[in-house]
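1. I'd like to go over a predicted model; first the sequence, then the structure.
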Amino acid sequence: ELKVEQNPLFLSMQEGKNYTIYCNYSTTSDRLYWYRQDPGKSLESLFVLLSNGAVKQEGRLMASLDTKARLSTLHITAAVHDLSATYFCAVDKGYTNAGKSTFGDGTTLTVKP
Amino acid sequence: ETGVTQSPTHLIKTRGQQVTLRCSSQSGHNTVSWYQQALGQGPQFIFQYYREEENGRGNFPPRFSGLQFPNYSSELNVNALELDDSALYLCASSYLGRDTEAFFGQGTRLTVV
């Protein structure tokens, strides 16, 4: 059974600081996703990582994937209040299971002034 | 806006009743996946439909069933509702066979009383 673990589950940051969210998964996969969810809302796709060593950046967020370590990171640079949300990583068990994702429990990020 | 629409947005049902949730997929997509998200948790995969057939199921009982129509829209049916079925139900539309991301609808909030 594929398991996905995120840490930390809760993160309180000062504006302007940097931090990293970690996502570990239990079985081989080369398809990993990061999503953002605002309270009461749906999931917004942030990144799709499809190969070992993949790195993607959008604004203050950068995601990377190490399939050998079964680890993905979401790095936040110079946090701003607008980044406050819950962030989920999700993993598919390979190409043939695309869209049948196993999600982590989420990291709730609060950015304080 | 992702182009994936779900209806209704909110629903209140009584234990033991049946419910049907609907999802209209994004144009050009051929696959719909359904997820259940309980409060404070990550989404859990229910099942996926591809070319009108079920294409994989998560750990959900048979009272959770679905359909996909020729226009790739989809329904999720839940029979004999239980209190624990109260959750946000999300559908995600994608194109199986391409390395593209899935797009989520805004969700249906189901409350079972």
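-> On my side now, so go ahead. Keep in mind it's a predicted model, so treat the numbers as computed, not measured. Residues are numbered from 1 along each chain as shown, chains lettered A, B, ... in the order given.

2. find the nearest non-adjacent residue to the residue in chain B that chain A sits nearest to, please.
-> In chain B, the residue that lies nearest chain A is residue B:42 (3.5 Å; Cβ to the nearest Cβ). The C-beta positions use only the backbone N, C-alpha and C, and glycine is treated the same way. Spatially, and ignoring its direct neighbours in sequence, residue B:42 is nearest to residue A:103 (3.5 Å; Cβ to Cβ, 6 or more residues apart in numbering or on different chains).

3. how is the residue of chain B closest to chain A assigned, secondary-structure-wise?
-> coil (DSSP: H, G, I helix; E, B strand; the rest coil).

4. quick one, grab the pLDDT at it.
-> Looking at residue B:42, its pLDDT is 96.

5. that one reaches residue A:104, doesn't it?
-> Yes. The criterion here is Cβ atoms under 8 Å, and residue B:42 meets it with residue A:104 at 5.6 Å.

6. quick one: which of those two has more around it?
-> residue A:104 (26 against 22; other Cβ atoms under 10 Å in any protein chain shown).

7. ok, the more buried one to chain B distance?
-> Using Cβ to the nearest Cβ, to the nearest Å, residue A:104 is found at 6 Å from chain B.

8. tell me, how many residues neighbour the closest residue to chain B within chain A?
-> Using Cβ to the nearest Cβ, residue A:103 is the residue of chain A that sits closest to chain B, at 3.5 Å. Residue A:103 has 22 neighbours, counted by other Cβ under 10 Å.
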